[in-house]
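> quick one: sequence and predicted model below, then my questions.
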Amino acid sequence: MSPKVTLQDVADKAGVHRATAARAIRNETKISKEVRERVQKLANEMGYRVNPLVAALMQSRRNTRVSRHTVIAYVTNYPTRYGWRPPHIDRPDYFPGAQARAQELGYKLEHFWLGEPGMTPERFSNVLTTRGIHGLLMGRLPPKIEEARLLWERFSSVALGRTLRTPRLHYVTEDHYAGAALAVRQMIEKGFRRIGFVSTGRDDSPGVLNRWLGGFLREQLKLDAKNRITPFFFIPEPDTEKNPRQFGRWYDKWKPDALLVTEAPPFFEWLKTLKIRPREIPMATLVNERLDEKWTGIYCDHTLLGSLAVETLVGLMVRGETGIPEHPHEVLLSGKWMEGVTLGRKK
C-alpha cells in the first residue's frame with residue numbers, strides 16, 4: 001500500500017507554504033486563481049484527500065470556538081494516581097497514543113485523577129469547567145469499580161475499553177469477538193482440532209469474556225462434534241492453587257491438542273504449579289501485549305486505540321455533543337495475529 005499523501009506533500013510539490021496549499025484547496029479567494037488551480041490539480045493527481053475530522057476541527061478554529069477545546073482531560077480512578085499505568089499494573093497504556101494524536105489535532109491531553117483527597121464529582125466537574133475543559137477521555141477503571149459520577153451534561157465524553165458500565169458513554173475498544181474468531185481460524189489452519197478455551201482471570205471489563213467466548217464458539221462449530229471441548233473458566237478462590245488443580249483435571253479429561261487462553265502470565269503460573277513445562281502444551285493468547293515475550297496470539301495496538309479514542313472525542317466536541325448519549329456506540333479496533341514460539345504447527 002502506498003504511503004498516504006499529506007497536505008505537506010502537496011505543498012512541497014507546488015512550491016508553496018503548507019497554509020497556502022490548505023487555503024488553495026479550500027478555494028479561498030485570497031489565494032490567486034492560478035495558485036488555487038495549480039494546487040488543486042496537483043492534489044487531485046497525487047491522490048490527496050482531506051481528513052473530514054481535521055477539516056471540521058479547523059473550521060471550528062476559524063469560527064473562534066477553539067478556546068473551549070484547548071485541553072482534553074484523561075480521567076482515571078485507580079487507588080493511586082498512576083496505578084493505571086505500567087509498571088504499576090499489567091494492562092495496556094492508552095495514554096501515549098491518545099496524547100500524540102491530541103497534539104496532532106492541536107489539543108493538549110492532561111491527566112486528571114478522581115482519587116484526589118477530598119474530591120467529589122461536583123468539585124471535579126467544577127475544576128474542569130473553571131479551566132475551560134469540555135472534553136473527557138475516560139481511562140480504564142480498576143477492578144470492582146464500574147461507575148463514574150460527574151456532571152456529564154457539561155462534557156463531551158468517550159470511554160476507553162469496557163470497564164465503565166455507568167453511565168453508558170461512547171466506547172473505543174478492541175474487537176474481542178473478532179480476535180477470538182481469528183485466533184481459532186489460525187489454530188485450525190495450523191492443524192489443531194481439539195482446541196480448548198481457557199479463561200485465566202477475572203473479567204474486569206464486563207462483557208469481554210462473553211465476546212471472546214462467542215468468537216471461539218462460533219468457529220468451534222466448524223469442527224467435528226468429537227473435537228468440541230467444553231471451555232474452562234477461572235473461578236476466584238481464596239486458595240490460589242485451586243484453579244491450577246481444577247485446570248489440571250479439566251486438561252486430563254478433555255486432552256486438547258492446543259489451548260487458547262485469555263491471558264498468558266497466569267496460565268504459565270498454573271503450569272509451574274502443576275510442574276508442566278510451557279513448551280509441552282501448544283498455546284495462543286488473546287492478550288498478546290508483551291511482544292518481547294514472543295507469545296503467539298492476538299495483538300491489539302493500544303497506541304492506535306488511544307488515538308482512535310481522541311479522534312472520536314474531538315468529533316463530539318466539534319459537533320457540540322455533550323452529556324450521556326441517547327444512543328451510545330462503539331468504535332472497534334481489530335487485533336492482529338502475531339506468530340510467536342508458544343504454538344507452532346500440529347505435529
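Everything's here; your move. Numbering: from 1, shown residues only.
> in this structure, which spans are strands?
71-76, 108-113, 135-138, 156-160, 170-174, 195-198, 258-261, 283-285, 297-299, 330-333, 336-338 (DSSP state E).
> partners of the first one, with directions?
Okay, so that is strand 71-76. Applying DSSP bridges to the sheet, strand 71-76 is found paired with strand 108-113 (parallel), strand 135-138 (parallel).
> closest one to Phe216 among the strands of the chain?
Taking Cβ to Cβ, strand 195-198 is the member of the strands of the chain nearest to Phe216, at 4.8 Å. Bear in mind the C-beta positions are built from the backbone N, C-alpha and C, glycine included.
> so which of the strands paired with strand 71-76 is nearest Leu260?
strand 135-138 (29.7 Å).
> using CSV, list the CA coordinates for the closest one.
The C-alpha trace of strand 135-138 is given here as CSV (Å, rounded to 0.1, in the frame of the first residue of the first chain):
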residue,chain,number,x,y,z
GLY,A,135,-13.7,17.0,26.6
LEU,A,136,-13.2,13.9,28.8
LEU,A,137,-11.4,10.7,27.8
MET,A,138,-12.2,8.1,30.5
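> average pLDDT across it?
Averaged across strand 135-138, pLDDT comes to 97.
> kindly report the same for stretch 111-119.
Average pLDDT, stretch 111-119: 94.
> that older thread, want to throw the strands of the chain into TSV with mean neighbour count and distance to Thr20?
Shown next, in TSV, are the strands of the chain (neighbours: other Cβ atoms under 10 Å; distance: least, Cβ to Cβ, whole Å):
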stretch	mean neighbour count	distance to Thr20
strand 71-76	22	29
strand 108-113	17	27
strand 135-138	26	30
strand 156-160	27	32
strand 170-174	23	35
strand 195-198	24	57
strand 258-261	26	54
strand 283-285	27	51
strand 297-299	25	41
strand 330-333	16	34
strand 336-338	15	39
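> okay, these in a markdown table with distance to Val16 next?
Shown next, in a markdown table, are those (distance: least, Cβ to Cβ, whole Å):
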| stretch | distance to Val16 |
| --- | --- |
| strand 71-76 | 32 |
| strand 108-113 | 29 |
| strand 135-138 | 33 |
| strand 156-160 | 35 |
| strand 170-174 | 36 |
| strand 195-198 | 58 |
| strand 258-261 | 54 |
| strand 283-285 | 51 |
| strand 297-299 | 41 |
| strand 330-333 | 35 |
| strand 336-338 | 39 |
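> quick check: domain ranges of the chain?
Here the domain assignment for the chain is 7-50, 66-174+302-335, 176-299, based on automatic domain parsing.
> quick one: the last one to chain centroid distance?
Going back to what we said before, that points to domain 176-299. 21 Å (Cα atoms, centre = their mean, to the nearest Å).
> quick one: closest of the strands of the chain to Val127.
Between Val127 and these, the shortest gap by Cβ to Cβ is with strand 108-113, which sits at 7.8 Å.
> re the thing from before, distance to Lys190 for the strands paired with strand 71-76 - can I get that in JSON lines?
Formatted as JSON lines, those follow (distance: least, Cβ to Cβ, whole Å):
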{"stretch": "strand 108-113", "distance to Lys190": "41"}
{"stretch": "strand 135-138", "distance to Lys190": "39"}
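> compare the ones you listed and give me the one nearest Thr80.
Across the strands paired with strand 71-76, closest to Thr80 is strand 108-113 (Cβ to Cβ), at 8.6 Å.
> can you pull out the low-pLDDT segments for the stretch 1-150 of the chain?
Residue ranges of the stretch 1-150 of the chain with pLDDT under 70: 1-3, 50-69.
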